[in-house]
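Novice: Sequence isn't available, so here's the structure alone:
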């Protein structure tokens, strides 16, 4: 469904649904987890927490997603389509989003929490709420610190009172004791590279002109990169963004270099945030994942060879993006090779700046965001 049709539905059919929603009684023991871009990220983290703590014995839990959900689920858990998720919304007492939303205004008997799927950094975050209104589709939206409150107010049609301080639930597993996947244990160091999308076939966006599937390197130059990694006994795992247009993607097989799209990654059965917790360093760019990785206080690199074009076209929501990117700036292959050499040698040039940025961007550093988000959403905790 394209955005024009979505806007039309939001202004017509869903306005009627909002009026109907005010009249239908809600079931306080019903939780709806909704995602229109796969069952993952913060909604998956919330679900895993609920099941691990046996909240499915107290609540009926509905997973509404646009992907295949396992047929075998725990007691009192059902997987339903996004269309059926709209129907279930009318009776759900607690609703949680992180990808998309159902554009129906909540009743006074509902708790509707927008967790979003990243801390704001790059511009145009309002694309998460294309149907701007004077009224909010949420009772709460989560912000990891007070710094971002006004940014959420400006981009999500919410009031300051509707913004609640809570970190990303998906980061909780980073505070647990995790082990590297067996095939990655043989390397001296593990560097994870997570570029954001430049072009998305899903959203129809092209933030910068895309000439290669990843910044800095073409596919033909990856063999040279592999040789450098092998010399240093470093594994570089490149995890492409789920929304990345894959027209320029090619499967490559190396010993020290992994280039994985979303399906490749899922096929390996790896948990992204557990893997992040095992990485010795992260290379990012404009993706909000770098905020999450700062919780570990480990080295960061930023592959930003297209920052001028990106800044001019999409821009940033923070006042000083260069300061917030507390890590080595990588614009050339030589910069990239210097960064991985520094990681090999244990050189960390940005620890002080990372700590400063971390204090601005994170209120909580305790790995308890799932519980906190559920409490905000009115789910009773033991």
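Specialist: Thanks, I have the structure now. Worth saying up front: this structure is predicted, and the values here are computed from it rather than measured.
Novice: Please count neighbours and contacts with C-alpha atoms only from this point.
Specialist: Fine.
Novice: Tell me the buried residues in the one helix or strand residue 335 maps to?
Specialist: Using DSSP states H and E, residue 335 sits within helix 333-345. Neighbour-count burial for helix 333-345, counted by 16 or more other C-alpha atoms under 10 Å, picks out 333, 335-336, 339-341, 343-344.
Novice: Return the distance of residue 252 relative to residue 161.
Specialist: As judged by C-alpha to C-alpha, to the nearest Å, residue 252 and residue 161 stand 49 Å apart.
Novice: now swap in residue 263 and tell me
Specialist: For residue 263, the distance to residue 161 - C-alpha to C-alpha - is 39 Å.
Novice: before we move on, what about residue 318?
Specialist: From residue 318 to residue 161 the distance is 21 Å (C-alpha to C-alpha).
Novice: who has more neighbours, these two?
Specialist: residue 318 (16 against 11; other C-alpha atoms under 10 Å).
Novice: what kind of secondary structure is the more buried one in?
Specialist: Here residue 318 is recorded as coil under DSSP: H, G, I helix; E, B strand; the rest coil.
Novice: before we move on, what about residue 34?
Specialist: Put simply, residue 34 is strand when judged by three-state DSSP.
Novice: Name the nearest residue to it, ignoring sequence neighbours.
Specialist: Nearest non-adjacent residue to residue 34, counting by C-alpha to C-alpha, 6 or more residues apart in numbering: residue 64, 4.7 Å away.
Novice: who's that neighbour bridged to?
Specialist: With DSSP bridges applied, residue 64 shows beta-bridge pairing to residue 34, residue 80.
Novice: low-scoring stretches of the chain, by residue?
Specialist: The chain contains residues with pLDDT under 70 at 1-8, 124-134, 197-211, 244-249.
Novice: What is the helix holding residue 335 packed up against?
Specialist: Contacting helix 333-345 under the criterion 3 or more C-alpha pairs under 8 Å, 6 or more residues apart in numbering; DSSP states H and E are the following elements: helix 222-232, strand 328-330.
Novice: Tell me which of the ones you listed is the most buried.
Specialist: Comparing the helices and strands packed on helix 333-345 by mean neighbour count (mean count of other C-alpha atoms under 10 Å), strand 328-330 comes out on top with a mean of 20.
Novice: ok now it, how far from the chain's centre?
Specialist: 22 Å (C-alpha atoms, centre = their mean, to the nearest Å).
Novice: Partner strands of it, with direction?
Specialist: Strand pairing for strand 328-330, determined by DSSP bridges: strand 300-303 (parallel).
Novice: ok, residues contacting the strand it pairs with?
Specialist: Strand 300-303 is contacted from outside by 195, 215-216, 281-286, 290, 325-331, 336, 339, using C-alpha atoms under 8 Å, 6 or more residues apart in numbering.
Novice: and if we set it to 6 Å?
Specialist: For strand 300-303, the surrounding residues in contact (C-alpha atoms under 6 Å, 6 or more residues apart in numbering) are 281-285, 327-330.
Novice: go on, stretch 26-35?
Specialist: With C-alpha under 6 Å, 6+ apart as the test, stretch 26-35 has contacts from 59-65, 91-97, 99.
Novice: Identify each buried residue in it, please.
Specialist: So, applying 16+ other C-alpha under 10 Å, buried residues of stretch 26-35: 26-28, 30-35.
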